[in-house]
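> Quick one: sequence and predicted model below, then my questions.
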Amino acid sequence: MEPRAEWEIDPRGVLDILVVAPLALGYSARRIGAPTTMIIEIQFTDRPISLPPCVAEPGTGAVLEFQGVVRDRENGGKISALVYELYAPMAEKVMRQILQDLAVLHPCLYAGVIHRYGVVPAGEMAIYVRVESAHRGAGLRVMEEFMNRLKSDVPIWKTGSLPS
Amino acid sequence: MPGEIRVLFFATARQAAGWAESVLPCDDSGLSVADFWDRLQTENPGLTPLRSSVRLARNHEYLTGDEWIHPGDEIALIPPVSGG
């Protein structure tokens, strides 16, 4: 994404006080489209997800980690595994775009995603997400919103389950 | 390939069509989204119930209804997703 500077009027509050005139009107001006240096790593695997070593980016004050684990129940019955299918090139592209979009509003230093496909046994991770930010607010928002958008837009599917 | 559209079927779309991939001939004038669906349903009647819930992606990006499909494109049928 090319660095660019645009200006929008944000009536919600002050993020960067840059000009006085808009403040007199009860608005603040903030710079949007600021270049993001967030590092993004996305991986897919059909093997059990092994957690990467915890080496945070410089400047990190908060590390958020999310593990999406296959539950042993579906539709009231016990299962032994879920089966995942994905459209890998588009899944990566959409995930990357989601994270880049979120980073404009909530700058973070790093976001990493590992999604497993194929047969994922109950109790094992289907997805692992790690977000690093200077302060917890941005990281928490990115984590929550990324998972929400993944579940609505990223081309990955649970296509079946195996009985217990 | 020039002169054809590569079509990928995922999840319930693959189950309804009976295959994961096919090709549709397409001349240089291309196809509207509606025309694409009409041709797809003619060849795969099992997809008819899914038309309202399946999104289309063109070359890894979601298609809007007024975009055009060209020869050489890769079109994917994206049923409601359920990752994570």
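On my side now, so go ahead. Numbers count the residues shown, from 1 in each chain, chains lettered A, B, ... in the order given.

> Residue nearest the middle of chain A, spatially speaking?
A:Phe146 (3.6 Å; Cα atoms, centre = their mean).

> what residues are up against the residue of chain A at minimum distance from chain B?
Nearest to chain B in chain A, going by Cβ to the nearest Cβ, is A:Ile156, at a distance of 3.0 Å. C-beta here means a position set from N, CA and C on the backbone, and glycine is covered the same way. Contacts for A:Ile156 were tallied using Cβ atoms under 8 Å, 6 or more residues apart in numbering or on different chains; they are A:Tyr84, A:Glu85, A:Leu86, A:Tyr87, A:Ala91, A:His115, A:Tyr117, A:Leu150, B:Val81, B:Ser82, B:Gly83, B:Gly84.

> any idea how far the nearest residue to the third one once chain neighbours are set aside is from A:His115?
Read it as A:Leu86. Distances taken as Cβ to Cβ, 6 or more residues apart in numbering or on different chains put A:Ile156 closest to A:Leu86, at 4.4 Å, once the chain neighbours are dropped. A:Ile156 sits 6 Å away from A:His115, going by Cβ to Cβ, to the nearest Å.

> Might you report the residue contacts of A:Arg96?
A:Ile40, A:Ile42.

> circling back: could you report the pLDDT at the residue nearest to A:Leu86?
A:Ile156 carries a pLDDT value of 98.

> Quick check: neighbours shared by A:Ile156 and A:His115?
A:Tyr84, A:Leu86, A:Ala91, B:Gly83, B:Gly84.

> Mark which of the residues you listed are part of strands, please.
A:Tyr84, A:Leu86 (DSSP state E).

> and which of the shared contacts of A:Ile156 and A:His115 is nearest to A:Gly139?
B:Gly84 (17.9 Å; Cβ to Cβ).

> What are the buried residues along the lengthiest helix in chain B?
Using DSSP state H to define each element, chain B has its longest helix at helix B:33-43. Within helix B:33-43, the residues that count as buried by 16 or more other Cβ atoms under 10 Å in any protein chain shown are B:Val33, B:Phe36, B:Trp37, B:Arg39, B:Leu40.
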